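Novice: got a sequence here, can you build the structure:
(one chain, ligands or ions: 2)
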Amino acid sequence: MARIFAVANQKGGVGKTTSTVNLAAALALLEQRVLLVDLDPQGNATMGSGVDKRTVPSTVYQVLIGEQDVATARVRSETGNYDVLASNRELAGAEIELVELENREKRLKQALAVVDGEYDFILVDCPPSLSMLTLNGLCAANGVIIPMQCEYYALEGLSDLVNTIKQVHAKLNRDLKIIGLLRVMFDPRSTLSQQVSAQLEAHFGDKVFKAIIPRNVRLAEAPSHGLPGVVFDRGSKGAQAYIAFAAEMIGRIKTI
Ligand code: ATP
Ligand code: MG
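Specialist: Ligands and ions are numbered 1, 2, ... in the order given. Model (predicted):
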């Protein structure tokens, strides 16, 4: 049975997609069977996996509205060695269409049940909002991975997200828990980064992942080549950090 993780943070540009794509590719390097679900109409995780969102035959949109099943709609990331349920602009319309459908928060969960046995990990890249799409990600997941930058305002947004996760846990998905906070774009020379990082550890304890992802230009360059950073430059500091994070995740799922 696959472990399903939503990568979520309603704040924009905090490293959700970079983390989802690189965790998927790093888990694949460690011989895990992975499906990446792109739940963001921006389609960045799709493109970053080397799948062209403009020409992909099917996307998560068709799956959510019940036109197609996951087994038909998924495509392969040849560069990353994992499967992708792609996304593009069409998904933006799903928000409205879903309102009319039965079980609207659980459409993704139901759809994923069909392929559950084929993967070790299913990773869901959520959009930067607490929308119906993100809700579908949270309802499908066993756990949430929260990427965050160690800056002052990061902590402010965190309480909204934690409250949403609590509500989803109470009303829609008793399985859901926060697996961990992932420190990303970390700058070890910044005093503020160090302070916020120490605060996170003090407050959230072992819910803070040991792996820390540094700010690393190779990770930012990789998507323009249609490659996950861990494939584009495996020796880079950023790639090595995501590989360490993948190993940590494999260890964690044994304790969940
Ligand atoms: P959105 O909310 O729009 O979906 P996001 O949370 O998915 O954004 P990303 O797209 O992963 O965030 O990252 C935002 C920007 O920061 C991108 O340009 C990405 O290349 C860059 N970036 C992410 N992580 C790193 C890193 N560790 N080092 C350097 N650049 C990074
Ligand atoms: Mg993103």
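
Novice: quick one: residues contacting residue 223.
Specialist: 21, 44, 47-48 (CB atoms under 8 Å, 6 or more residues apart in numbering). The way it works is simple: take the backbone N, C-alpha and C, and place the C-beta from them, glycine included.

Novice: Throw these into JSON lines and include pLDDT, distance to residue 8 and neighbour count, thanks.
Specialist: Converted to JSON lines, these look like this (pLDDT from 0 to 100; distance: CB to CB, whole Å; neighbours: other CB atoms under 10 Å):
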{"residue": "21", "pLDDT": "98", "distance to residue 8": "15", "neighbour count": "35"}
{"residue": "44", "pLDDT": "98", "distance to residue 8": "15", "neighbour count": "20"}
{"residue": "47", "pLDDT": "98", "distance to residue 8": "20", "neighbour count": "22"}
{"residue": "48", "pLDDT": "98", "distance to residue 8": "17", "neighbour count": "30"}
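
Novice: between all of those, which two are separated the most?
Specialist: In those, the most distant members under the criterion CB to CB are 21 and 47, with 9.4 Å between them.

Novice: report the contact partners of residue 13.
Specialist: With contacts defined as CB under 8 Å, 6+ apart, the neighbours of residue 13 are residue 128.

Novice: phi and psi next, for it.
Specialist: Taking degrees, to the nearest 10, you get phi 70, psi 30 for the backbone angles of residue 13.

Novice: quick thing: my sequence starts at 17, can you match it?
Specialist: Sure thing, new numbering starts at 17, so read that last one as residue 29.

Novice: roughly how far apart are it and residue 135?
Specialist: Residue 29 sits 28 Å away from residue 135, going by CB to CB, to the nearest Å.

Novice: so the residue of the stretch 167-272 of the chain found nearest ligand 1: helix, strand or coil?
Specialist: For the stretch 167-272 of the chain, the residue positioned closest to ligand 1 under CB to the nearest ligand atom is residue 236, at a distance of 3.6 Å. Reducing the assignment at residue 236 to three states with DSSP: H, G, I helix; E, B strand; the rest coil gives helix.

Novice: what ranges do the strands span in this protein?
Specialist: Listed from the start of the chain, the chain has strands (DSSP state E) covering 19-23, 50-54, 91-93, 98-101, 137-141, 159-165, 193-202, 224-230.

Novice: around ligand 1, pick out the residues from the protein.
Specialist: 28-34, 56, 58, 60, 144, 200-201, 229, 231-232, 235-236, 254 (CB under 6 Å from any ligand atom).
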